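Asker: need a 3D model of the sequence below.
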Amino acid sequence: MNFVIFLLSLFVSTLGSAMVLKKRKSKLLSRFIAFLLNTVIIITAAGVLFSMDEEQRIFGVSQINYLAYLFMIPVLTYINFFVLHFAKKERGDV
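Answerer: I've put the predicted structure just below:
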């Protein structure tokens, strides 16, 4: 399930940052949008999944799952940076 969440977050944040890059021509803003989208999607999905898990409610939350989610936010954002770096440069692109 974690893999699906991470791929969905990567896909949505890449699309969102590419749209911002195309409209605003600002790589800095598109990178910030990618980071923001990754953070919102992953933290929301983690909160929903952990609230639905009865075993974690009874026995407590393992720290490994939280660390995996927290670790993937900068990794996915870094992948988005590479995608934006190799985006086709147009005239007037900053």
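Asker: which residues of the protein score low on pLDDT?
Answerer: Where the chain drops to pLDDT under 70, the residues are 56-57, 60-65, 88-94.
Asker: where is the longest helix in it?
Answerer: Assignment by DSSP state H gives helix 27-52 as the longest helix of the chain.
Asker: tell me how many other residues surround residue 13.
Answerer: Residue 13 is flanked by 26 other residues according to other C-beta atoms under 10 Å. C-beta coordinates here come from the backbone N, C-alpha and C atoms, glycine included.
Asker: could I get the contacting residues of it?
Answerer: With C-beta atoms under 8 Å, 6 or more residues apart in numbering as the criterion, the residues that contact residue 13 are 33, 34, 35, 37, 38, 41, 76, 77, 80.
Asker: ranges for the helices of this structure?
Answerer: Going by DSSP H, the chain shows helices at 2-24, 27-52, 54-59, 63-85.
Asker: about what we covered before: among the contacts of residue 13, who's most crowded?
Answerer: In the contacts of residue 13, the most neighbours by other C-beta under 10 Å go to residue 34, 29 neighbours.
Asker: what separation do you get for that residue and residue 52?
Answerer: From residue 34 over to residue 52 the distance is 27 Å, taken as C-beta to C-beta, to the nearest Å.
Asker: again with residue 17
Answerer: 30 Å.
Asker: neighbour count winner among the two?
Answerer: A direct count of neighbours by other C-beta under 10 Å for residue 17 and residue 52 places residue 17 higher, at 27 against 9.
Asker: my read: the more buried one touches residue 30, true?
Answerer: Yes: at 4.2 Å, residue 17 counts as touching residue 30 under the criterion of C-beta atoms under 8 Å.
Asker: quickly list what's touching both of those two.
Answerer: Residues touching both residue 17 and residue 30 by C-beta under 8 Å, 6+ apart: residue 84.
Asker: for the contacts of residue 13, give me a markdown table that also has distance to residue 70.
Answerer: Shown next, in a markdown table, are these (distance: C-beta to C-beta, whole Å):
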| residue | distance to residue 70 |
| --- | --- |
| 33 | 20 |
| 34 | 17 |
| 35 | 13 |
| 37 | 16 |
| 38 | 11 |
| 41 | 13 |
| 76 | 12 |
| 77 | 12 |
| 80 | 17 |
